[in-house]
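Chemist: 3D, please:
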Amino acid sequence: MLVIVLENAPPRLRGRLAVWLLEIRAGVYVGNYSIKVRDYIWSQVEIGIGEGNAVMAWRTNNEAGFDFVTLGINRRIPVEIDGAKLVSFLPESDPNTQTTQSL
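Modeler: Numbering: from 1, shown residues only. Purely as a prediction, here's the structure:
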């Protein structure tokens, strides 16, 4: 089982993924492919994601039963703790706070 979720992705990438995967909701794609095809599909996401972000999860033989990778800027970031892959949240950015850099 393979699941890819896209946010803010260009229409061209969404159409490309629809060739291989079933789009069950806007930006949510599912399918069942070999590792080789899965890696090829993810390479297409890497090429076409632009300013968007993506996550891909697939079934695998580990303690959790799945693994995942992410791409692009998102508040959720993967972290590994004691061999388990978890998700951590970055703090929300405050648009009213401005940072300045000094030279």
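Chemist: what average pLDDT does the longest helix seen in the chain get?
Modeler: Looking across the chain with DSSP state H, the single longest helix is helix 35-48. Helix 35-48 comes out with an average pLDDT of 97.
Chemist: equivalent analysis for stretch 20-29, please.
Modeler: Here the average pLDDT along stretch 20-29 is 97.
Chemist: list of residues touching that stretch?
Modeler: Stretch 20-29 has contacts (CB atoms under 8 Å, 6 or more residues apart in numbering) with 2-7, 9, 14, 17-18, 30-31, 33, 37, 41. (C-beta placed from N, C-alpha, C; glycine too.)
Chemist: write the ChimeraX selection for whichever of those are buried.
Modeler: Buried residues among those (16 or more other CB atoms under 10 Å), as a ChimeraX selection:
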select :2,3,4,5,6,9,14,17,31,41
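Chemist: name the residues of the longest helix of the chain that are buried.
Modeler: Those would be 38, 41, 42, 45, 48, for helix 35-48 by 16+ other CB under 10 Å.
Chemist: could you name the helices and strands sitting against it?
Modeler: strand 2-7, helix 11-20, strand 53-59, strand 66-71 (3 or more CB pairs under 8 Å, 6 or more residues apart in numbering; DSSP states H and E).
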